[in-house]
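Engineer: Pasting the sequence and the predicted coordinates here, then a few questions.
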Amino acid sequence: MKIAIVGAGIVGVTTAYELASDGHEVTVFDQRSAAAEEASFATAGLLAPLLLSPWALPGFGHALRLMGPQATLRLAGGLSKNHLAWVWRWRAASAANSAPAAALERLAQYSQTRAKAIATQHELDFEASDGRLVLLRTEQERADLQPALQVLRDCGVAASDIDSAAAHKIEPGLSPEAPLAGAIHLPDASAGNCRLFAQLLRQGTQGSGVQFVFNTRVDRISSTPTGVAVQGESELRRFDAVVLCAGMASAALMPAMGVQLPMTAVYGYSVSAPLRESTHAPRASVVDMAQQISITRLGQRVRIAGGAELAGADADHHTPTLQRLYRTLNDWFPGGAQLSSNLQIWRGARTMLPDGAPVIGASGLPGLWLNTGHGAGGWALACGSARVVADLIAQREPAVPLDGLGMRRF
């Protein structure tokens, strides 16, 4: 088949790889000049498990606080009715624990396995690390996480409650003065550089049935006949199928086709800093549950990621949020990273649906497939989502069930 993919982020690139592996002729369109230039640019880097990652799902120990110095979601100026409706639906999903947690966690585990298999097969060095600690400042945090831990264990994920002394043995760079009540140890967790993986995979696929068309904006998708209308061109480019993997651009393209999804952009931040002293830095990744911040070792850098805000794409960086990232790093790993120079500060959009889960599969329109709305789990779910979509297009049964991840829930 001749297939178009809209979007060259991590989800689009991995989808192109899987479709090309099945023998399809694939063209990827993106409005930027390279792969992984938007939401995939400087992510937290966390792969599976997904459920204990910041902003992974509503509920499950992830409190949504809108006011005060400990607010987890910042409401900036220019809020729309859609923003407010999205917040209401996220809070409702949190209160009801109605997010498809088990389905997402199984998909994340499958995706992690697939990512490692691809990296091994093609010898991709994407600054991967294994193991994670979820740091708990109080015993109440541990109690709040029990529903999430039960879902993980039901899915076969190894997760151990450990005390402070055991946590310091696993991550000896942790400050002995930090208030640590204990931790959740996830020995099979992993992390890695999302953008690097996407770029390496793009380079490998470009000569094997995949064409990337950058600096090109898709204005419209057609299902009768199937194809894409590119800005500046009068003729429709025809394909046998189109897969929409374009993040927030998906939200702009779907309404004209009669497809409506309640997606919004929740912006987050990351700071990537050069390694200063290896023994004072994390060996792998840690998550501060109270602050909803992750700290991850990526090669010779440390990446701190967190924050969430509803604001415009061009909004200024929020200084208090960045200060909270620096403060959290210094709380746990003082002296581990060089914060005075050569910093990469990034603000990017997580395209999120109000139950935290993506939409994967058929759109209901002939020839149009969806693989979008992955939110904070884009990197963690990308390789698995891509393989699932390729299987669905080939009319094969996917290796993991997609209960609660399709269009029908909306």
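Structural biologist: Cool, got the structure.

Engineer: How about residue 57, nearest residue that isn't a chain neighbour?
Structural biologist: Leaving aside its sequence neighbours, residue 57 sits nearest to residue 356 (CB to CB, 6 or more residues apart in numbering; 3.9 Å). (Each C-beta comes from the backbone N, C-alpha and C, glycine too.)

Engineer: so how many other residues sit close to the one you found?
Structural biologist: Using other CB atoms under 10 Å, residue 356 has 28 neighbouring residues.

Engineer: if I pick it, what's in contact with it?
Structural biologist: 55, 56, 57, 58, 90, 93, 99, 104, 375, 376, 377 (CB atoms under 8 Å, 6 or more residues apart in numbering).

Engineer: can you rerun that using 7 Å?
Structural biologist: Contact analysis of residue 356 by CB atoms under 7 Å, 6 or more residues apart in numbering lists 56, 57, 58, 99, 375.

Engineer: per-residue pLDDT, it?
Structural biologist: Per-residue pLDDT puts residue 356 at 90.

Engineer: same check, this time on the one 4 residues further on
Structural biologist: Per-residue pLDDT puts residue 360 at 97.

Engineer: Which other helices and strands does the helix or strand containing it contact?
Structural biologist: In this structure, residue 360 sits in strand 359-362 according to DSSP states H and E. With contacts taken as 3 or more CB pairs under 7 Å, 6 or more residues apart in numbering; DSSP states H and E, strand 359-362 sits against strand 368-372, helix 378-393.

Engineer: now the helices: where do they sit in the chain?
Structural biologist: Secondary structure of the chain (DSSP state H): helices located at 10-21, 81-96, 101-122, 139-144, 146-154, 164-170, 194-205, 248-253, 319-332, 378-393.

Engineer: Quick one: residues in contact with the fourth one.
Structural biologist: What it means is helix 139-144. 61, 136, 161, 181, 182, 289, 290.

Engineer: Going by neighbour count, which residues in that helix are buried?
Structural biologist: Buried residues in helix 139-144, counted by 16 or more other CB atoms under 10 Å: 141, 142, 144.

Engineer: What is the lowest-pLDDT residue among those residues?
Structural biologist: Lowest confidence among these: residue 144, with 88.

Engineer: And that residue, how far from residue 371?
Structural biologist: Per CB to CB, to the nearest Å, residue 144 is found 32 Å from residue 371.

Engineer: And for residue 392?
Structural biologist: Distance of residue 392 to residue 371, given as CB to CB: 10 Å.

Engineer: Then residue 175?
Structural biologist: Per CB to CB, residue 175 is found 41 Å from residue 371.

Engineer: Which one of those two is surrounded by more residues?
Structural biologist: Between residue 175 and residue 371, counted using other CB under 10 Å, residue 371 has the larger neighbour count: 28 against 16.

Engineer: Please determine how far that one is located from residue 393.
Structural biologist: Taking CB to CB, one finds residue 371 at 10 Å from residue 393.

Engineer: can you tell me which residues contact residue 199?
Structural biologist: Counting by CB under 7 Å, 6+ apart, residue 199 makes contact with 35, 36.

Engineer: what's the answer for residue 298, then?
Structural biologist: 45, 127, 193.

Engineer: Would you state the predicted confidence (pLDDT) at it?
Structural biologist: At residue 298, the pLDDT value in this model is 97.

Engineer: And residue 76, by the same measure?
Structural biologist: pLDDT, residue 76: 77.

Engineer: Relative to residue 310, how far out is it?
Structural biologist: Applying CB to CB to residue 76 and residue 310 gives a distance of 6 Å.

Engineer: more crowded one of these two?
Structural biologist: A direct count of neighbours by other CB under 10 Å for residue 76 and residue 310 places residue 310 higher, at 23 against 14.

Engineer: For residue 387, see how far away the more buried one is.
Structural biologist: 32 Å.

Engineer: that older thread, format the helices of the chain as CSV; extra columns: distance to residue 33.
Structural biologist: Converted to CSV, the helices of the chain look like this (distance: least, CB to CB, whole Å):
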stretch, distance to residue 33
helix 10-21, 15
helix 81-96, 30
helix 101-122, 24
helix 139-144, 43
helix 146-154, 39
helix 164-170, 41
helix 194-205, 12
helix 248-253, 15
helix 319-332, 27
helix 378-393, 20
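
Engineer: how about those, which one is nearest residue 338?
Structural biologist: With CB to CB as the criterion, residue 338 lies closest to helix 319-332 of the helices of the chain, at 11.2 Å.

Engineer: Distance from the closest one to the middle of the chain?
Structural biologist: Here the centre of helix 319-332 is set off from its chain's centre by 21 Å, with CA atoms, centre = their mean, to the nearest Å.

Engineer: helices or strands up against it?
Structural biologist: strand 264-274, strand 285-288, strand 293-298, strand 301-310.

Engineer: Redo the ones you listed as a markdown table? Include distance to residue 344.
Structural biologist: Putting the helices and strands packed on helix 319-332 into a markdown table (distance: least, CB to CB, whole Å) gives the following:
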| stretch | distance to residue 344 |
| --- | --- |
| strand 264-274 | 4 |
| strand 285-288 | 18 |
| strand 293-298 | 11 |
| strand 301-310 | 8 |
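
Engineer: Low-confidence stretches in the stretch 101-250 of the chain?
Structural biologist: Within the stretch 101-250 of the chain, the stretches with pLDDT under 70 are 207.

Engineer: make it 50
Structural biologist: Applying pLDDT under 50 to the stretch 101-250 of the chain picks out no residues at all.

Engineer: So in terms of bridging, what pairs with the residue nearest to residue 322 when sequence neighbours are not counted?
Structural biologist: Nearest non-adjacent residue to residue 322, counting by CB to CB, 6+ apart: residue 269, 6.2 Å away. Assessed by DSSP bridges, residue 269 has beta-bridge partners residue 306, residue 347.

Engineer: picking that back up, shared neighbours of residue 76 and residue 310, anything?
Structural biologist: With CB under 7 Å, 6+ apart, residue 76 and residue 310 have no common neighbours.

Engineer: Neighbour-wise, give me the winner out of the contacts of residue 298.
Structural biologist: Neighbour max across the contacts of residue 298 (other CB under 10 Å) = residue 45, 28 neighbours.

Engineer: So what's the residue count around the closest residue in space to residue 353 that isn't next to it in sequence?
Structural biologist: Counting by CB to CB, 6+ apart, residue 353 lies nearest to residue 373, which is 4.7 Å off, once chain neighbours are set aside. A count of nearby residues for residue 373, using other CB under 10 Å, gives 28.

Engineer: Appreciated, that's everything.
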